[in-house]
Structure formats: C-alpha cells, structure tokens
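Engineer: Give the three-dimensional model of this entry:
(chains A and B)
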Protein chains: 2
Amino acid sequence: MDQVWTDHKALLGEVEEGIRSGLQSKVALVNKISTYILNSGGKRIRPLLLIVSAHLCQYDKKDHILLGAGIVEFIHTATLLHDDVIDNAEIRRGIAPARVLWGNQASILVGDYLYTLALSLTVKINDYDVNTLLADTCLQMAEGEMLQLKHNSDLSLSETTYFQIIESKTSALISASCQFGAILAKASEKEREALACYGRNLGIAFQVADDTLDYIADDQRLGKSLGEDLKEGKITLPLLHLLKHCNQKEKAWLEKMVAGKDFLQEDLKKAIDLMTFYGSIQYATKRAQDFAESAKKDLSIFDDSPHRRALSTVADYVVQRDH
Amino acid sequence: MDQVWTDHKALLGEVEEGIRSGLQSKVALVNKISTYILNSGGKRIRPLLLIVSAHLCQYDKKDHILLGAGIVEFIHTATLLHDDVIDNAEIRRGIAPARVLWGNQASILVGDYLYTLALSLTVKINDYDVNTLLADTCLQMAEGEMLQLKHNSDLSLSETTYFQIIESKTSALISASCQFGAILAKASEKEREALACYGRNLGIAFQVADDTLDYIADDQRLGKSLGEDLKEGKITLPLLHLLKHCNQKEKAWLEKMVAGKDFLQEDLKKAIDLMTFYGSIQYATKRAQDFAESAKKDLSIFDDSPHRRALSTVADYVVQRDH
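Structural biologist: Next up, the predicted model:
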C-alpha cells in the first residue's frame, strides 16, 4: 500500500492544495474549524479512489479530478463533524474532535457548511450524472445514520439491517468516489457499474474491519478507546455473532451490559474474551476479507494495469490495516 | 394578505401534496420526523414567493413551480431542525420541537436528510442557474449561522454585522425563492435582479420585525416566550439601539443580565421598559418598515399586475404580522 500512496503523492499533494484553497469562507472561524478537522489525520482514501478510478478509465484531465477529490473529502469531513456530535465523541483519531474544542453548535454548522461547499463545487462540474450521484449518495448516508440511530443499543438487530446500515453510512460514499472517477472519464455503463460494485464491497470490508478493530486493536493505534462502539450503543458484527452463539446466561449478561453503557473495563474484557471463545472476531474478520475479495473480483472486467493493481492493493489494505 | 393566501390556495395545496409525496425515505422514522416538522405551523411563505415570482415573470408550468416550492420549503425546514439543536430550543411555534420529542441526534440527521433531499430534487430540474443559486444560498445560510454563533452574547456587535447575519441566515433563502421563480420563467437579468433585491429587503424586514416581536408580542401569539432571543444570547436590533442610547449604569446592568442569561421575568420587563423609553422598539419597527418599503420599490420595473400587488402585500404583511 505504501507504494500506492507514493505513486499518487504528487496528485494527492495537489488535492491538499485544492482543499486548502477551497476553504474561503468570509467567516474566519469556519475556515479555522474546517482546517482543523481536515488536517486531523484522514488518509484521503476517497480522493485516492477517485483518482485511481479515473485513471483506470483512461481519464487524466487534472482539473476535474482535483475538484472531485476535494468534493468527496469535504462530504466525508462534514459527516465526521455531525457524527462526532451524534456519538458524543470525546476523541477522534487520537485527538480532540472539533466539538470538544469549539462546541456542538459550531460542529453542526461547519458540517452544514462543508456539505454545501461540496454541493457548490459539484455544481461547477455541471454534469447531470455527477450531481445525481452525489445527491443520491448524501441521501443514502443520512438514511444510514438514521437507521443506525434507530437501532442504537438494539440487540435484536439483524445482520441484514447491520449491513444495510454500513452500506449506507460508509459504502455509499466510497462507491460514489469510484463512480465519480468513471463518470469523469465517460466510462461505459459496464465499467461504471463494476467500479460501483468494487466501491460498495470495499466500503463494507472497510467498515466491518473497522468495527472488528474496535474490539481488538490496542488503544493507541486505533486512536480511540477499545469498545467505543459498544459504549455508544453501536451493535456491530462481532457482537451480533456472539449474541447468536453464546448461551442464555451470557446473553442475559451482555444485554444488561449494553443497557448500562457505562460498563467497566473488565466487563469489556470479558465480552472480548467471549468473542474470541465463540469465534466472533474470526467470523467478522473473515466476512471483511470476503468482501475485499469480492471487491477485487469486481475489477475483473478491466485489463491488468498499475491502476487496477492499485485498487486491488487498497482492497487488501482495508482489511489488514491496524493503524 | 388573506386574499393573497386565498388566491394561491389551490396551488399551495398541491405544494403540500408534493411535499408529502416527496418524503419517501425507506427509514420510516425519517418520514415521521420530517412530517412532524413540516406540519408544525409554517406558513409556506417561501413557496408562495416562488409561485408569485414565477407568475409575475409570466411562467405558469406547474411541474417545476411545485418542485421548486417543495425544495425551498425542505431547505427551510432543514435549517429549523438544526437551529433548534443549536439554540437548545424548548418550544417552536407553540409546540415542542423535534429535538424535544426525538432527541438532538435525530434532529441533526433529519435536517441533513432534508437538505440532501432538496439537493436531490434540485438536480432533477437540471438547470445550472438553479443549482448554483441554491448551492450559494445554502453556503451563505451556513455562514450566517456561524457568524451569529460567533457573536453570541457579544454586546459589542455592530449594526453592520447584525444586518450581515440576518441577510445571510434569513434573507438569502427568501431572495433565492423569488429568484428561483424568475429563473424558471427565464426572466431577464434585470427582472431576476429586481426580484433578488425584493427578496433580500423583504427578508431583512421579516427578520427585523421578528426580532422586534420577541420583545413586544404576547407569548401565546408568538408561539414562544418573550425575550427568547436574549436568553439564547442573540443580540438583535432593539437591544443594539438600546445599548447605544442608554446611560452607563443601565448599560452595565444590561451587560450583567446578558452574561447571566438565566434572568428573571422582572429583569426582562425592565429591559423592555428601557427599550420603550429610549425608542428602541420604535426604531427597530421603523427600520423593518423601511426595508419593506424598499422591497416594494424594487418591484417598480414590473408593470402593475395582481402578482406584483401580491408581492407588495407580502411586504406589508411581514412588518405587520403579530401572530
């Protein structure tokens, strides 16, 4: 993966420049907060996917690639700002989120600002398909977040609904980033659809891996505390597997723990031990890997090329990462 | 004004129908909350302005008028949902705001949903000018809200900045609603600009009148408590006038009161008495009326017609209303 980042370093540098120069609000505080959140350790995976997808479809006009890369990152950042407020987050990627520094109100408003900035930049591309794609994507993301909120602390959540949530809240924008590249390249419907599927499977792999890391990564590397999802009432795949396979007594204990939320570190450790015992971590890891494999298969309609190989590498990376 | 509402009753009825049928989220809770807020007593002044502006410019194709009317109302409703969270509002138009019933989190997310629904409907109109107008408007609204937040409880706020805030947070969308009608009608640049100015002045008149009502309306009619703005740290025109004209002792008392926020009803009464004594209410009322007059003058490029007269009536109405 290092090689992929290196290969795109120059262009991603220009994306950074575009993001910086795109922030030109007359209200200084808007730029300050936006800059803080945009510089808080995001890897720019969505811009990378847009760039590589465009190149894969033989498009290399830089202007729209840079604009598109900025747009998807602005949308992603807007969702982070709102998510932090919704999750009452105290830490994000190892540092204080904007809401802790400037308050929930500013976080909501700068989120709104970045959403609309993305929309305003999208209009400049003046392409019906791009406009439709991003509008539909944002709608789906908001719906996914609402579905997640509705099922907060809901231990009767089905796997189907879990996947529906992560497909909407995470996969939609990752898939859109890939499709964005295809649309710019005026790729065929078949190519666009392949990249849409790749992005969808990649996004699911990414989120399932992330949800699993929440139970296994050490604190420092993940940049947030272990078991944070559980504390926020987010019921994810390892826990769903555990609930299905543990005995009644263990299930009753888990229900009580989730209802309480403010559980002790030793309770969390016990839950993780159960997940290990019942193979829940292994199951979730395997599911993530399967989605990553599906993502790679979606690329099979494309001839072998450095770009296709880069996308395959990204698929391997999202299920291996242990940052 | 009653006559204006009556004249547009049928079309506004179709707007309602469009709004209802536009809410088709797969997540039932999204529709439920959206319906609640959309039915919580808004007068549909923005849809009305769009309709009348389009008619004034000789446009009568219903499809896009209805779509446009829904779009501006969805945007307005999205801002209400976020504003309620930002203001920590306990009451809105005499009833509990969505955040009180379903929580801040749902309010933020459904606000995001309605913003993106508006964006998604806008894309369907597939008109570059409409897309640009709405994107710029939403950006300006978010900036206006941030500027307001920045100057919360700031008694050194200048009148210039006060007007900048209300022009962004309120006037922008009202002006956009009028311009939207002009764009649909493919009106001349001059006509569009006239409607833009009309909307801008109308919006300022509307907001200044609203800010003044906060100190004079009786509780039941306004649908919120008297002095609510002051409690939320919103420094508005009557208070700015008072601060400029009262004596040092009174100013020091006002500063202490604003800093405290949780003031007593008798303190509020004293502040209102001072506003009356120093002519602050009268001053703000006169300013609102002046903006309404400017709005009417902006219409002078149009020949006399029922539509032009309807817009003039709206201008008179916004500074007279005492609901």
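
Engineer: got a pLDDT number for the nearest residue to A:V130 once chain neighbours are set aside?
Structural biologist: Leaving aside its chain neighbours, A:V130 sits nearest to A:I183 (5.5 Å; criterion: Cβ to Cβ, 6 or more residues apart in numbering or on different chains). C-beta: built from backbone N, CA, C; applies to glycine. Looking at A:I183, its pLDDT reads 97.

Engineer: per-residue confidence at A:D63?
Structural biologist: 89.

Engineer: if I pick the residue nearest to A:V130, what's in contact with it?
Structural biologist: Residues near A:I183 by Cβ atoms under 8 Å, 6 or more residues apart in numbering or on different chains: A:127, A:129-130, A:133, A:192.

Engineer: relative orientation of the helix or strand hosting A:V123 and helix B:98-125 in degrees?
Structural biologist: Per DSSP states H and E: A:V123 is located in helix A:98-125. Orientation check (axes from the mean of the first three to the mean of the last three Cα atoms, to 10 degrees): helix A:98-125 against helix B:98-125 gives 20 degrees.

Engineer: Next, the angle from whatever helix or strand comes next after helix A:98-125 to helix B:128-150.
Structural biologist: The first helix or strand that comes after helix A:98-125 along the chain, using DSSP H and E, is helix A:128-150. Helix A:128-150 and helix B:128-150 are oriented at 40 degrees to each other (the same axes, to 10 degrees).

Engineer: as a whole number, average confidence for helix A:128-150?
Structural biologist: Mean predicted lDDT for helix A:128-150 stands at 93.

Engineer: about what we covered before: quick one: which helix or strand includes the residue nearest to A:V130?
Structural biologist: helix A:172-184.

Engineer: Please list all residues in contact with the residue lying closest to A:N201 once chain neighbours are set aside.
Structural biologist: Nearest residue to A:N201 in three dimensions, chain neighbours excluded: A:A295, at 3.8 Å (Cβ to Cβ, 6+ apart). A:A295 sits next to A:197-199, A:201-202, A:205, A:311, A:315 when contact means Cβ under 8 Å, 6+ apart.

Engineer: make it 10 Å
Structural biologist: Shown in contact with A:A295 (Cβ atoms under 10 Å, 6 or more residues apart in numbering or on different chains): A:174, A:178, A:197-206, A:311-312, A:314-316, A:318-319.

Engineer: and the gap between it and A:L133?
Structural biologist: Counting by Cβ to Cβ, to the nearest Å, the separation of A:A295 from A:L133 is 19 Å.

Engineer: Show the pLDDT at the nearest residue to A:Y317 once chain neighbours are set aside.
Structural biologist: Once flanking residues are discounted, A:Y317 sits nearest to A:M1: 4.2 Å by Cβ to Cβ, 6+ apart. According to the prediction, A:M1 has pLDDT 89.

Engineer: ok so, going back, is it possible to get TSV of the contacts of A:I183 that adds neighbour count?
Structural biologist: Output for the contacts of A:I183, formatted as TSV (neighbours: other Cβ atoms under 10 Å in any protein chain shown):
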residue	neighbour count
A:D127	16
A:D129	16
A:V130	22
A:L133	23
A:R192	22
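
Engineer: For the residues you listed, please prepare a markdown table with the additional fields distance to A:T170.
Structural biologist: Putting the contacts of A:I183 into a markdown table (distance: Cβ to Cβ, whole Å) gives the following:
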| residue | distance to A:T170 |
| --- | --- |
| A:D127 | 25 |
| A:D129 | 22 |
| A:V130 | 21 |
| A:L133 | 16 |
| A:R192 | 20 |
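
Engineer: How many neighbouring residues does A:T160 have?
Structural biologist: Using other Cβ atoms under 10 Å in any protein chain shown, A:T160 is surrounded by 8 other residues.

Engineer: what helix or strand is it on?
Structural biologist: If you go by DSSP H and E, A:T160 is part of helix A:159-166.

Engineer: Give the buried residues for stretch A:151-166.
Structural biologist: Across stretch A:151-166, burial judged by 16 or more other Cβ atoms under 10 Å in any protein chain shown covers A:151, A:157, A:161-166.

Engineer: Among the residues you listed, which one lies nearest to chain B?
Structural biologist: Relative to chain B, the closest of the buried residues of stretch A:151-166 is A:Q164; by Cβ to the nearest Cβ it sits at 8.8 Å.

Engineer: Identify the residues contacting the closest one.
Structural biologist: A:143-144, A:147-148, A:151, A:158, B:26-27.

Engineer: Among those residues, list the two that are farthest apart in space.
Structural biologist: Using Cβ to Cβ, the contacts of A:Q164 span at most 17.0 Å, a distance reached by A:E143 and A:S158.

Engineer: rewinding a little: tell me which of the contacts of A:A295 fall in helices.
Structural biologist: Residues of the contacts of A:A295 located in helices (DSSP state H): A:174, A:178, A:197-206, A:311-312, A:314-316, A:318-319.

Engineer: Quick check: what element follows the helix or strand of chain A with the lowest mean pLDDT along the chain?
Structural biologist: Of all helical and strand segments in chain A, the minimum by mean pLDDT, DSSP states H and E falls on helix A:219-222, at a mean of 52. Using DSSP H and E, the helix or strand that follows helix A:219-222 in sequence is helix A:228-231.

Engineer: quick one: that following helix near chain B?
Structural biologist: No - using Cβ under 10 Å from any Cβ of the partner chain, we find that helix A:228-231 stays clear of chain B, coming within 15.2 Å at best.

Engineer: pLDDT (mean, whole number) over the next helix-or-strand element following that helix?
Structural biologist: Following helix A:228-231 in sequence order, the next helix or strand is helix A:237-245 (DSSP H and E). The average pLDDT for helix A:237-245 rounds to 96.

Engineer: so the helix or strand containing A:L195 versus helix A:128-150, what angle?
Structural biologist: Here A:L195 sits within helix A:189-216, counting by DSSP H and E. Angle, helix A:189-216 to helix A:128-150, by the same axes, to 10 degrees: 30 degrees.

Engineer: in helix A:189-216, what's buried?
Structural biologist: For helix A:189-216, by 16+ other Cβ under 10 Å, it's A:191-192, A:194-216.

Engineer: With stretch A:278-297 instead?
Structural biologist: A:278, A:280-281, A:283-285, A:287-289, A:291-296.

Engineer: between those, which is closest to chain B?
Structural biologist: Distances from chain B to the buried residues of stretch A:278-297, taken by Cβ to the nearest Cβ, are shortest for A:F291, at 22.0 Å.

Engineer: Could you list which residues are in contact with the residue nearest to the closest one when sequence neighbours are not counted?
Structural biologist: Nearest residue to A:F291, sequence neighbours excluded (Cβ to Cβ, 6+ apart): A:A205, at 3.8 Å. Contacts for A:A205 (Cβ under 10 Å, 6+ apart) come out as A:166, A:171, A:174, A:287-296, A:314-319.

Engineer: Next: A:Y278.
Structural biologist: The neighbours of A:Y278, taking Cβ under 10 Å, 6+ apart as the test, are A:238, A:241-247, A:250.

Engineer: what's the most distant pair in those residues?
Structural biologist: A:P238 and A:N247 (17.2 Å).

Engineer: could the contacts of A:Y278 be laid out in JSON lines, adding distance to chain B?
Structural biologist: As requested, these are exported to JSON lines (distance: Cβ to the nearest Cβ, whole Å):
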{"residue": "A:P238", "distance to chain B": "24"}
{"residue": "A:H241", "distance to chain B": "25"}
{"residue": "A:L242", "distance to chain B": "26"}
{"residue": "A:L243", "distance to chain B": "23"}
{"residue": "A:K244", "distance to chain B": "25"}
{"residue": "A:H245", "distance to chain B": "29"}
{"residue": "A:C246", "distance to chain B": "30"}
{"residue": "A:N247", "distance to chain B": "33"}
{"residue": "A:E250", "distance to chain B": "30"}
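
Engineer: Type out the PyMOL command that picks the buried ones from those residues.
Structural biologist: Filtering the contacts of A:Y278 down to the buried ones (16+ other Cβ under 10 Å) takes a single PyMOL command:
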select buried, chain A and resi 238+241+242+243+245+246+250
